[in-house]
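**Student:** With the input below, show me the fold.
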Amino acid sequence: MNSIKINLKNTDEDLFMRSKWWGNPDLPVGFDVPDDLTFICQIKCDELAAFDEDNLLPHKGMLYFFAAIDYYFGNFDSYNPTDFYWGSEDVKVFYVEDIENQTFEQIVFVDDDDKPVAMKELAIEFSSDDALCYGNKMLGEPYNREWEDWDSPYNGWTELLQVDSDDYDECTLNFMDWGMLHFILNPNDLKNNDFTKVTAVICST
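**Tutor:** The predicted structure follows:
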C-alpha cells in the first residue's frame with residue numbers, strides 16, 4: 001500500500017470547495033459544526049483519486065477532519081484528551097458525498113471577541129509516496145509507531161490521516177516532543193464510507 005502525501009503550499013488562490021489545510025471549512029448550509037474542535041483540513045476526494053492505488057478512499061465528495069488539538073498549539077489551558085485512543089468527543093471525520101446538488105458556505109470560527117481564530121489556509125497538492133513516509137499524508141503505515149499493530153480492538157485499523165508536528169507562520173504545532181497524530185478507522189467502515197467511528201492516536205518517539 002502506498003501513502004498519499006499531502007504537500008502544503010501558500011497560495012492567493014480561492015480554495016473554496018477545494019482541498020485545503022487549516023483555514024475554515026466549506027460545509028453544507030445548516031451543517032452541525034463541532035465548534036469545540038479544531039478544523040484541520042478538508043479533502044476533495046476527486047483530487048486524490050489518481051493516487052489512491054488500492055481504491056480505499058471515496059473518489060467523490062468531501063472529507064472533513066476535526067480534532068481536539070488546541071493544546072498542542074501551546075494553548076495549555078485548552079482541553080487535552082488523556083486517553084491513548086481518543087473518543088468520539090475528541091475527533092470527528094465527516095464525509096459529504098453529494099457536493100454538486102446542495103449549497104455550501106464557509107464556516108468562520110471566531111473567539112469571544114468575534115475575531116477569526118483559524119490559521120491561514122494552505123493549498124494541498126497530492127503525490128504518491130512510500131507506505132512508511134513522514135509528514136502529512138493519507139493511508140500507508142504510521143511513520144513513528146514503534147510496534148507492529150494497534151492494540152485490541154483496533155488491530156488492523158487503517159491509517160486514514162497522519163498529521164505531523166510542524167512550524168507554521170503563526171505558531172508551532174507540537175504533538176508531544178515532535179510526534180504525530182494518527183486518525184485510524186476500521187477497514188470495513190472505510191469500505192462502506194462510514195467515518196463515524198474514527199479514533200485518533202498520538203505517537204511520539
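
**Student:** most distant residue from the middle of the chain?
**Tutor:** Seen from the C-alpha centroid of the chain, the residue lying at the greatest distance (Cα atoms, centre = their mean) is residue 113, 27.1 Å away.

**Student:** per-residue confidence for that residue?
**Tutor:** Looking at residue 113, its pLDDT reads 89.

**Student:** For it, what is the enclosing helix or strand?
**Tutor:** Residue 113 belongs to no helix or strand when assigned by DSSP states H and E.

**Student:** residues contacting it?
**Tutor:** Contacts here follow Cβ atoms under 8 Å, 6 or more residues apart in numbering; on that basis residue 113 touches nothing. All C-beta spots, glycine's among them, are computed from the backbone N, C-alpha and C.

**Student:** buried residues in stretch 189-201?
**Tutor:** Neighbour counts over stretch 189-201 (16 or more other Cβ atoms under 10 Å) mark 189-190, 195, 198-201 as buried.

**Student:** so of those, which ones are in helices?
**Tutor:** 189-190 (DSSP state H).

**Student:** Tabulate the buried residues of stretch 189-201 in JSON lines, adding columns for distance to residue 134 and pLDDT.
**Tutor:** Formatted as JSON lines, the buried residues of stretch 189-201 follow (distance: Cβ to Cβ, whole Å; pLDDT from 0 to 100):
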{"residue": "189", "distance to residue 134": "26", "pLDDT": "98"}
{"residue": "190", "distance to residue 134": "23", "pLDDT": "98"}
{"residue": "195", "distance to residue 134": "24", "pLDDT": "98"}
{"residue": "198", "distance to residue 134": "22", "pLDDT": "98"}
{"residue": "199", "distance to residue 134": "22", "pLDDT": "98"}
{"residue": "200", "distance to residue 134": "18", "pLDDT": "98"}
{"residue": "201", "distance to residue 134": "16", "pLDDT": "97"}
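
**Student:** Now do the contacts for the nearest residue to residue 127 once chain neighbours are set aside.
**Tutor:** Here the nearest residue to residue 127 in space, its sequence neighbours aside, is residue 5; by Cβ to Cβ, 6 or more residues apart in numbering that works out to 4.7 Å. With contact taken as Cβ under 8 Å, 6+ apart, residue 5 is in contact with 126-129, 133, 135-137.

**Student:** for residue 5, helix, strand, or coil?
**Tutor:** Put simply, residue 5 is strand when judged by DSSP: H, G, I helix; E, B strand; the rest coil.

**Student:** Bridged to it, which residues?
**Tutor:** Counting by DSSP bridges, residue 5 is bridged to residue 127, residue 137.

**Student:** what does the one 4 residues further on give?
**Tutor:** Beta-bridge partners recorded for residue 9 (DSSP bridges): residue 123.
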